[in-house]
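S.K.: structure here, sequence nowhere to be found:
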């Protein structure tokens, strides 16, 4: 099987809703459902999170990051961490666990390296989106962080199937095969503009049952043009994606295209600029993205 055939097969499965997830993803989805109930208390949420040691460590680490620590001291337990973060942020962190688990734990070092790089990229985008929403676009920062965490969910799923389909790791493979003579538009539900990753990503998002606001922003990220200065949640994600120092391993642009820095994306914000805000927020972005990577 070549790369085009493998992508065609995965897209056909995605369009049927026939996705393959590990048992750990199913467990984390149950955690997500448990804390999403309207009357979930702080004590109940704490007990649920404590049953997932990696998630518990992430919750405490994020609560102690510069983005949330503010002037108060460190927290040393899950209950205090949830109280500081709030349930909206907690749900975003549970989503981060789900997204990370979707990729699985491959024994192939090449796949593992790509998964780790994609997760590092996602964490940076999430942290940048949180800061940009709070200080630039004046949107809900927790929703922006949530959207940043899940914005590469289609890529994680593709990497989860790379051990079964090694051809997915071939050059240009994950970007699509539109230029190949055997390219198939897959179905009437697909349009010329749709990439395999976006089709698969949309299918995975359905299973994650994300808020409509986040789904709409991700559609804007896949197909939208960056507005300067950014205004919407999709704009926020697009700018954060450009500013992330770690580039997605699935990014199909050339090294020249991806050689970017804060100075290339700058605009006036109040009496300052994006660049000055990023400099002031560097510690917040750095510590929050590091906490999300756990």
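M.R.: Nice, I can see it. Keep in mind that what you see is a predicted model, and the values were worked out from it rather than measured.
S.K.: elements contacting the longest helix seen in the chain?
M.R.: For the chain, the helix with the greatest residue count under DSSP state H is helix 109-132. Packing contacts for helix 109-132, counted by 3 or more CB pairs under 8 Å, 6 or more residues apart in numbering; DSSP states H and E, involve helix 66-69, helix 87-102, helix 141-150, helix 153-160, helix 233-243, helix 282-293. Placement of C-beta: from N, CA and C, glycine included.
S.K.: distance to residue 8 for the ones you listed - can I get that in a markdown table?
M.R.: As requested, the helices and strands packed on helix 109-132 are exported to a markdown table (distance: least, CB to CB, whole Å):
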| stretch | distance to residue 8 |
| --- | --- |
| helix 66-69 | 42 |
| helix 87-102 | 21 |
| helix 141-150 | 25 |
| helix 153-160 | 13 |
| helix 233-243 | 27 |
| helix 282-293 | 33 |
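S.K.: coming back round to it: run the chain-centre distance for the longest helix of the chain.
M.R.: 7 Å (CA atoms, centre = their mean, to the nearest Å).
S.K.: kindly report the same for stretch 74-86.
M.R.: Worked out by CA atoms, centre = their mean, stretch 74-86 lies 23 Å from the chain centre.
S.K.: out of the helices and strands packed on helix 109-132, nearest to residue 2?
M.R.: helix 153-160 (15.4 Å; CB to CB).
S.K.: which other residues reach the closest one?
M.R.: For helix 153-160, the external contacting residues (CB atoms under 8 Å, 6 or more residues apart in numbering) are 10, 19-20, 22, 99-100, 102-104, 106, 111, 114-115, 118-119, 168, 174, 196-202, 204-205, 208, 248, 250.
S.K.: avg pLDDT for it?
M.R.: Regarding helix 153-160, the rounded mean pLDDT is 91.
S.K.: that one vs helix 109-132, what angle?
M.R.: Comparing the axes of helix 153-160 and helix 109-132 via axes from the mean of the first three to the mean of the last three CA atoms, to 10 degrees yields an angle of 170 degrees.
S.K.: quick one, whatever helix or strand comes next after helix 153-160 and helix 87-102 angle?
M.R.: Sequence-wise, the next helix or strand downstream of helix 153-160 (DSSP states H and E) is helix 196-208. Per the same axes, to 10 degrees, the angle that helix 196-208 makes with helix 87-102 is 120 degrees.
S.K.: can you name every helix or strand that helix 196-208 contacts?
M.R.: helix 3-16, helix 23-36, helix 87-102, helix 153-160, helix 212-223.
S.K.: now do the buried residues in the last one.
M.R.: When burial is assessed from 16 or more other CB atoms under 10 Å, helix 212-223 yields the following buried residues: 214, 215, 217, 218, 220, 221, 222.
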